[in-house]
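Chemist: Make a model of this:
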Amino acid sequence: MVEIAVRPRGPYSLALSMRLAGDATRRIREGLVTARCCGTVARAWQSPDGTVTIRSDFIAAAEKLRWTLALDADHSEFLRLVADDPLLGRAAKHLRGLRPVRTATVAQALLRAVCGQLIDAKTARSIERRVIRALERRDGPVTVPATVTEGSRALAEPPTTATLGAAAPFELRRLGLHERRGAALVRLCRSLELERLHDLPTDAVVRRIERERGLGPWSAGVVCLEGLGRFEHGLVGDLGLVKLLRALRGRPVEGWETAELLEPYGEWAGLASVYLLSGYSRGLIPLPTARAA
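Modeler: Coordinates of the predicted model:
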């Protein structure tokens, strides 16, 4: 058994960051994060002094969970920059411990991006779960300790590029994924080992993803933010940001217009996306009085 204790760099709340981050591969209950990765299970919890303890059978799984939880991704500079921001200042103050939790593989982030195009988050996560579990069963049984369950289901191993690349678009369609989007997912996974994107600069990653038919700026933003742990590319076109911008401007808006909302935040556009969405859902973004309702 391996145990590591990590003092997060900068403000960090495990409970806040993991609040909506459960999926087929991980869950949080009563402050305990349980995640499957690297062929085993890792667990993490945060002590009152802020220290996050991670325990697993193997160091690789413990370190992967450390990266997934973004414990070393200090965003203090972002908080300083937006402290007096008329749009984000209040949200940043209330949510200062929030960091976007990452996926254990880039492939899962791409799957999440494809599942989430133009539909609500709840439906998208449901499709993502079905795809991950179905493909894992197809690849063969995976041994999981009986105590590691998500509801009545065992936690699944995060999908790899090879796993998604071996799927057929019609198979993904049966699981609820639009055929054209499923084809884009499979095509990209068959042409590129997604983990290699870690070695490319963000602008090159964005260009490569947007070059694929059926993918665009929002998909690139999800891959950069959740798959690669980078904050500089925003979630352009996110439906939540479209709703926020519509409330701010008092008129219908197009997805591309959300780039204007994120542009002032520069290299922090991805993180700003998360804070805008979280702040908006909690009523922490100031809106014109007549439009707030």
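
Chemist: List the beta-bridge partners for Arg36.
Modeler: Val41 (DSSP bridges).

Chemist: ok, which stretches of the stretch 151-293 of the chain are strands?
Modeler: Remark: strands assigned in the stretch 151-293 of the chain by DSSP state E, counting those that start in this stretch are 153-154.

Chemist: Stretch 263-270: which residues count as buried?
Modeler: Tyr265, Trp268, Ala269, Gly270 (16 or more other C-beta atoms under 10 Å). In short, each C-beta sits where N, CA and C put it, glycine included.

Chemist: Tell me the one of those nearest His233?
Modeler: Nearest to His233 out of the buried residues of stretch 263-270 is Gly270 (C-beta to C-beta; 5.3 Å).

Chemist: tell me the contacts of that closest one?
Modeler: Contact partners of Gly270, counting by C-beta atoms under 8 Å, 6 or more residues apart in numbering, are Pro100, Gly221, Cys224, Leu225, Arg230, Phe231, Glu232, His233, Gly234, Leu235.

Chemist: how much space is there between the second one and Glu254?
Modeler: Read that as Gly221. Separation of Gly221 from Glu254 (C-beta to C-beta, to the nearest Å) stands at 16 Å.

Chemist: more crowded one of the two?
Modeler: Using other C-beta atoms under 10 Å, the more surrounded residue of Gly221 and Glu254 is Gly221, with 25 against 9.

Chemist: which residues of the stretch 151-293 of the chain fall in helices?
Modeler: Remark: helices assigned in the stretch 151-293 of the chain by DSSP state H, counting those that start in this stretch are 161-165, 169-174, 179-191, 202-210, 217-222, 239-249, 258-262, 269-281, 289-292.

Chemist: Need these in a markdown table (columns: mean pLDDT).
Modeler: What follows is these, written out as a markdown table (pLDDT from 0 to 100):
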| stretch | mean pLDDT |
| --- | --- |
| helix 161-165 | 96 |
| helix 169-174 | 92 |
| helix 179-191 | 93 |
| helix 202-210 | 96 |
| helix 217-222 | 96 |
| helix 239-249 | 96 |
| helix 258-262 | 96 |
| helix 269-281 | 97 |
| helix 289-292 | 55 |
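
Chemist: Arg80 is nearest to which of those helices?
Modeler: Counting by C-beta to C-beta, Arg80 lies closest to helix 269-281 out of the helices of the stretch 151-293 of the chain; the figure is 12.7 Å.

Chemist: With distance to Ala154 as extra columns, can I get the buried residues of stretch 263-270 in CSV?
Modeler: What follows is those, written out as CSV (distance: C-beta to C-beta, whole Å):
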residue, distance to Ala154
Tyr265, 40
Trp268, 37
Ala269, 37
Gly270, 32
